[in-house]
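[1] show me how the following folds:
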Amino acid sequence: MSPESTTKKKSSQNPPASSFVKSAMRNMVRKGNQSLVHFGLTAFGFVIFILCVAWLGRPNIPQ
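    Have a look, this model is predicted:
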């Protein structure tokens, strides 16, 4: 057996590192209510931002 094939076997046996998404989901579950409040505030702020942009960018139609 060559040293290269031994290295490949050892690296394939180790579990892959936890991904960022898994870490974020674990953190969100742990902090439950705080995450929901922050998500709600972000969603509310985004809706207000979109409405302001739409209001400022409305076409000026003469009557």
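[2] quick one: the strands in this protein?
    Ranges of strands in the chain, per DSSP state E: none exist.
[3] can you list the low-confidence ranges for it?
    Counting by pLDDT under 70, the chain shows low-confidence ranges at 1-17.
[4] quick one, helices of it?
    Per DSSP state H, the chain carries helices over the ranges 3-13, 20-30, 32-56.
[5] out of the ones you listed, the one nearest residue 63 is which?
    Checking the helices of the chain against residue 63 by CB to CB gives helix 32-56 as the closest, at 18.0 Å. C-beta coordinates here come from the backbone N, C-alpha and C atoms, glycine included.
[6] what's the angle from that closest one to helix 20-30?
    Using axes from the mean of the first three to the mean of the last three CA atoms, to 10 degrees, the direction of helix 32-56 lies 110 degrees away from that of helix 20-30.
[7] name the surrounding residues that touch helix 32-56.
    Residues from elsewhere that reach helix 32-56 (CB atoms under 8 Å, 6 or more residues apart in numbering): 27, 28.
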